[in-house]
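1. Okay, here's the prediction I keep looking at, along with the sequence it came from:
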Amino acid sequence: MHVLPSSRDRLSSRVPRSSRVRRGALAALCAAAVLTLPACGTGSGDDNGPAGKSTGSAKPAKAKKAAEKPAPFADLSGPQVMDKAFAATRAATSLTLKADMPDPEGRIAVDVALDKKGDCAGTMSMNGQGTVTLTKTGPTVYMKYDEAVLRSQGKGQPQSDVDAAVKMLANRWVKTDAKDPDAKDLVGFCDLDGLLSAFEGGDSVARKGPVTTVDGQPALTLTESDGSSDYTVHVATEGKPYLLNTSWTGKEKGEMTFSQFDRPVDAKAPADKDVLDLASLDD
C-alpha cells in the first residue's frame, strides 16, 4: 500500500554533490543538507582579516568573561579548529539535528534524534505543510502523518481518495519494515554514520571569529565565504569541541544545529492500539 508519493528524490536533490566537493569546508557543510553532505574537512587557511558575524541561535558572549579566560583554541588556526570539531562530531554515538534548509519546492524542517545503532525519533515538515513524526527502533519504523501532510501529498488525486486516506491514516501510527521503499524515503534521516561520514576530506579557509554562546554553551565562531554566500559555524569551546551550529546566507539561506551528543535516543514503539500495520492490509 502506497501512503505518500516518494519524497527521497526531492529531499536528496537540494544540493548537487559534485558542485560542493572542492569548495571550502564551511561552504560545503552549510550548503549541503543532512545525508547529502559532501566530503569536507580541513586544509590550510588564513585567520587574518575581518571575522564574520555570528548567526542563528548564537549570542555574543560578555566581554568581561572573555577577557578573564584565555582565548579558546588560541594555538590553532581556523582550519585546525574545524579539524578538531569535525573529528569530535564524527566520534559522537548520537546527536539531535535541527535544521531549516532550502528545497527546490520551498523549505524543509527537521528535528530528529539519531544514533549509530540506526534508531531515531523526531519530526519532519516540508514547506510548512503538516508534519511527519518518525520513530525507528531496530528493523521497524513507525510513521505518523497529520492531516495537512496527507492532503498536501494528495493534491491532484480524486478528493474521495484523499478523504479516505485522511480518515484512515491521519494522526495514526503506521508500522512498516525499515527496508520498505516508502519507509526508506524517511528512514534515510536516521543514518547517523552517513551523516557523520561527511565530516572529512576537502579543504578549509575558515577564519576564527568572536566567542559567542549557542543555546547557552560557549562557542567559537568560524566564517568562510565563496564569493556569493557567507557561511558561519560555531564550535564548542568547553568539553569536547563539537560542531554546534552552522548557517549560511546569500542566494539561499539555512541553518543546522547539533546538540544532545552521546545521549540515549528515546525511540520507543507506540502502543499496539495506536498502530496500523500496513503489511496486514496488503495480505
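-> On my side now, so go ahead. Numbering: from 1, shown residues only.
2. Show the average pLDDT along stretch 260-273.
-> Mean pLDDT, stretch 260-273: 94.
3. Could you list the buried residues of it?
-> 261, 265, 267 (16 or more other CB atoms under 10 Å). Every C-beta, even on glycine, is put in place using the N, C-alpha and C of the backbone.
4. Other residues contacting that stretch?
-> If you take CB atoms under 8 Å, 6 or more residues apart in numbering as the criterion, stretch 260-273 is touched by 89, 92-96, 113-115, 119-121, 135-137, 140, 142, 173, 240, 242, 275.
5. Is it possible to mark the buried ones in those residues?
-> By neighbour count, with 16+ other CB under 10 Å, these hold 89, 92, 94-96, 113-115, 119-121, 135-137, 142, 173, 242, 275 as buried.
6. Just the ones of the residues you listed in helices?
-> Under the assignment DSSP state H, the buried ones among the contacts of stretch 260-273 contribute residue 89 to helices.
7. Contacts only, for residue 172.
-> Contact analysis of residue 172 by CB under 8 Å, 6+ apart lists 144, 274-276.
8. Okay, and which of those map to strands?
-> Mapping the contacts of residue 172 onto strands (DSSP state E) picks out 144, 275-276.
9. With respect to residue 210, which of the residues you listed is nearest?
-> Minimum distance to residue 210 across those is 41.9 Å, recorded for residue 144 (CB to CB).
10. wait, that closest one sits on residue 150?
-> No. When contacts are counted by CB atoms under 8 Å, residue 144 is not listed as touching residue 150 (10.8 Å).
11. and which of the contacts of residue 172 is nearest to residue 189?
-> The closest of the contacts of residue 172, once distances to residue 189 are taken by CB to CB, is residue 144, at 14.9 Å.
12. pLDDT value on the closest one, please?
-> Residue 144 is given a pLDDT of 92.
13. Secondary structure class of residue 256, three-state.
-> Reduced to three states with DSSP: H, G, I helix; E, B strand; the rest coil, the structure at residue 256 is strand.
14. which other residues reach the one helix or strand residue 168 maps to?
-> In this structure, residue 168 sits in helix 159-169 according to DSSP states H and E. By CB under 8 Å, 6+ apart, the residues outside helix 159-169 that reach it are 3, 145, 147, 150-151, 154, 276.
15. Residue 247: which of these is nearest?
-> Set against residue 247, the nearest of the contacts of helix 159-169 by CB to CB is residue 145 (29.2 Å).
16. Count the residues that sit near that closest one.
-> By the criterion of other CB atoms under 10 Å, residue 145 has 24 neighbours.
17. Quickly list what it is bridged to.
-> Counting by DSSP bridges, residue 145 forms beta bridges with residue 132.
18. I'd like the distance between residue 87 and residue 247.
-> Residue 87 sits 21 Å away from residue 247, going by CB to CB, to the nearest Å.
19. Ramachandran angles for residue 118?
-> Dihedral pair for residue 118: phi 100, psi 0, per degrees, to the nearest 10.
20. Can you give me the pLDDT of it?
-> Predicted confidence (pLDDT) for residue 118: 92.
21. Show me where the stretch 101-250 of the chain has its helices.
-> For the stretch 101-250 of the chain, the helices defined by DSSP state H, counting those that start in this stretch cover 147-153, 159-169, 181-187, 192-196.
22. Mind listing what's buried along the longest one?
-> When you say that, I think you mean helix 159-169. Neighbour counts over helix 159-169 (16+ other CB under 10 Å) mark 162, 165-166, 169 as buried.
23. Now do it, average pLDDT.
-> Helix 159-169 shows a mean pLDDT of 88.
24. cool, the last one as well?
-> Per-region confidence: helix 192-196 scores 85 on mean pLDDT.
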